[in-house]
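Student: what follows is a predicted protein model with its sequence.
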Amino acid sequence: MYLICALLNMSGRFKAIFLIFFLIPTLFLNSGCFNTRFLKDDQALFKANKVEIETKEEIKQLGDFKRELAGISQLQPNKKFIGLAKIRLWFFNISTRRKQNKFRDWLRNKAGEAPVLYDSLLAEKSLVLLNNYLVNKGYFYSEVSYAVVIKKKKATLTYKVITNDLYRIRKVVFPNDTSRITSLINAQKKETYLSSGSPFDVAEMKKERERISDVLRDNGYYFFNREYVYFDLDSSMGNQELDLFVKINPPTDSSQHQVYHIDQIYVITDYSTDKSKLGATRDTVDVREFHFLSEKLRYRPRILISAIHFGRDTLYRKIYHTQTIGHLSNLGVFKYITLRYVDKKINDKNYLDCYVSLSPAKKQQVSIAFEANNNTDFNLGTSLTLSYGNKNIFRGTELFRFSVSGGFESNLEKGEKFFNTVDLLFKFDLYFNKFLLPIGVKKVSKNAYPKSRLSFRNEFLRRIDYYSTNTTTFAFGYEWRKKTTKRFIFNPLAINLIRNIETTQNFLDIVNSSPSLRNSFTQQLILGMDFNYIWSNQPIHRGRAYYYYSGKINTSGNALHLGYWLAHLNDGKQPPYQIVNIEYSQFFLIDSELKIIFKLIRKRSLSRASLAASASLMAIHSRSRISNNFSQAGQTA
């Protein structure tokens, strides 16, 4: 009782500290005892899997290997909240101690988790699974046993693994006949996942089967799949080595695998799984070799054609199938995308009719967002944002986003004005899924995913008793990519105009005392261009770490200054120079950033660490007084 009274008399800050450092840890500790209180005498809550390994040779990434083995066990403990306590199990237990109602039913079945009890049958079954896993990893004659320790109604399983000898691949033998399939496989065999000296691993063999299947499907063999690829093993040479023979099975009808080409291409632009719309009448519009089917064609065919990576009479390739789905998805206007093929013969030649079914996403979206925050300076901030989005606003799969927001900040300290900041923001972005250029471009790679972007932003900020500013930003540029690892952003026109609408004498007295602060609030125009190159091997990396690099070149005022110099418009004038009575900034900046991202724990997206290094390689400023952080400057004031 004394503790509760003391808590009620605490200030808000001390209450929070008390909850974090005393009450919450106490709850976590007590939840462990509570979770076993109601178990029967012959029941034990399963606590953990442990793995002990005895091996003749060093195992790389031993910790990962142990975690994989522990994860195979059919008995897995209840989940812990942020690794501290089994809160979901605690919810389940407290919900079952009283008469059920809607809340307790939700607590039990949604928020809660049933206890995992130790079961000797599951432990025995786990031994079989562990043995199978070890065989698949090349440990053909391993030994696995287990022991269980039950203490205070909590059971811990310890698996003891004796790996014995690890079998390795001596050589990989690919087919050597004269068929086209064999020639295709041998032409790509350098990309194999299997190599001499590597451990026997069923997982790598599955990846090899998939790779061979992809090679053949990328060369017209539409009906080929990984089930046609199998391996023969020969371990007669002894010495824990074996030879791997790659074999290709013929089709079940004993015919040869056939090559297919694309014939007719049908694009259904308003496909729906709604049964009431399956019999809808669609009109057909033919553009080149493409047939567009829809009740009403809402998209310009040229944009959709640019996203389909194959045409009539082209060889079927799986990569074209994958690229087409990715490109259509990148347009951002379709909810579901499927490609279906129907085989047929024309003059004894194999063809596929392709049906591209596109389910439109919701075209328009309106949203309202409210935000509130506070800080240690007793400032309370609120804002309201109204947003509107339109996909396909001009029937060319354009994406239009518009938002307007207003907010204010109030001071809760006594003796201060209630309102101290007003912020109004208006912005829109318009994306085109093509390059908007003054001259025609004959050919743009379909894999480039070209986009043009037009953006505008205007922000009015008023700090009561200090200043009012208006910041206007306009940019026009392009985005494209090369392969899946490289992305480019080029803005040939980027304008940023900062204007002081009103300043008070009190504010001027403060900023005039600091040259850097005074420069931050000088009216200025930033007129230039920028180019950004982004590279990351994340889409193709196989390891537990990947790299991210970003290099940016930003320039402002240089082209304008050169034009003024050629026209002798600045002769006799002293910097800083002006345009339409506004000073403009002139600078050239190169910025570079490299990140190395390590994945600490597999299958845990939150368990990642990032090591980043960022440096400006070269920055030449004749005049750069950029400051958008008005809020911070106002607090300084």
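Tutor: All right, it came through fine.
Student: C-alpha from now on. contacts and neighbour counts both.
Tutor: Fine.
Student: and residue 468, how far from residue 462?
Tutor: In this view, residue 468 and residue 462 are 4 Å apart by CA to CA, to the nearest Å.
Student: same question, residue 519
Tutor: With CA to CA as the criterion, residue 519 and residue 462 are 18 Å apart.
Student: would you confirm that residue 585 contacts residue 523?
Tutor: No. Contact criterion CA atoms under 8 Å: residue 585 and residue 523 do not qualify, at 10.1 Å.
Student: mind checking which of those two has more residues around it?
Tutor: Ranked by neighbour count (other CA atoms under 10 Å), residue 585 and residue 523 place residue 585 first, with 24 against 19.
Student: please identify which helix or strand holds residue 236.
Tutor: Applying DSSP states H and E as the criterion places residue 236 outside every helix and strand.
Student: now do residue 47
Tutor: Applying DSSP H and E, one finds residue 47 within strand 45-54.
Student: and the helix or strand following that strand, what does it pack onto?
Tutor: Moving toward the C-terminus from strand 45-54, the first helix or strand encountered (DSSP H and E) is helix 62-72. Contact here means 3 or more CA pairs under 8 Å, 6 or more residues apart in numbering; DSSP states H and E; on that basis helix 62-72 packs against strand 45-54, helix 120-136.
Student: contacting residues around helix 62-72?
Tutor: 49-53, 126, 129-130 (CA atoms under 8 Å, 6 or more residues apart in numbering).
Student: before we move on, the earlier item: the inter-axis angle of the strand holding residue 47 versus helix 62-72?
Tutor: Angle of strand 45-54 versus helix 62-72, following axes from the mean of the first three to the mean of the last three CA atoms, to 10 degrees, is 140 degrees.
Student: now do the helices in the stretch 501-637 of the chain.
Tutor: 505-511, 515-520, 558-566, 630-636 (DSSP state H, counting those that start in this stretch).
Student: minimum distance to residue 217: which of those helices has it?
Tutor: When these are compared for distance to residue 217 using CA to CA, the nearest one is helix 558-566, at 51.8 Å.
Student: output the closest one as CSV, nothing but the C-alphas.
Tutor: Presented in CSV, the C-alpha positions along helix 558-566 are these (Å, rounded to 0.1, in the frame of the first residue of the first chain):
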residue,chain,number,x,y,z
ASN,A,558,26.9,27.8,-61.8
ALA,A,559,25.1,27.8,-65.2
LEU,A,560,23.2,31.0,-64.2
HIS,A,561,26.5,32.7,-63.2
LEU,A,562,28.1,31.6,-66.4
GLY,A,563,25.3,33.1,-68.4
TYR,A,564,25.5,36.4,-66.5
TRP,A,565,29.3,36.4,-67.1
LEU,A,566,28.9,35.9,-70.8
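Student: what helices or strands is it leaning on?
Tutor: Helix 558-566 packs on strand 586-599, going by 3+ CA pairs under 8 Å, 6+ apart.
Student: before we move on, what SS does residue 423 have?
Tutor: State at residue 423, reduced to three classes by DSSP: H, G, I helix; E, B strand; the rest coil: strand.
Student: just residue 258 next, same as before
Tutor: coil.
Student: residue 200 is in contact with residue 137, isn't it?
Tutor: Yes. Contact criterion CA under 8 Å: residue 200 and residue 137 qualify, at 6.1 Å.
Student: how deep is residue 298 tucked in, by neighbour count?
Tutor: Neighbours of residue 298 using other CA under 10 Å come to 16.
Student: for it, which non-adjacent residue is closest in space?
Tutor: Distance criterion CA to CA, 6 or more residues apart in numbering; nearest residue to residue 298, sequence neighbours excluded, is residue 395 at 5.8 Å.
Student: how far does stretch 54-66 stretch from start to finish?
Tutor: 12 Å.
Student: bridging residues for residue 488?
Tutor: residue 480, residue 533 (DSSP bridges).
Student: close enough to count as contact, it and residue 549?
Tutor: No. Residue 488 is beyond contact range of residue 549, at 11.9 Å (criterion: CA under 8 Å).
Student: what do these two both touch?
Tutor: In contact with both residue 488 and residue 549: residue 534, using CA under 8 Å, 6+ apart.
Student: next one: residue 564, what pLDDT does it get?
Tutor: Note on residue 564: pLDDT of 78.
Student: nope, residue 633 is what I meant
Tutor: 41.
Student: cool, residue 605 as well?
Tutor: pLDDT at residue 605 comes out at 38.
Student: ok, residue 500 next?
Tutor: At residue 500, pLDDT is 83.
Student: which strand or helix spans it?
Tutor: Using DSSP H and E, residue 500 falls in strand 486-503.
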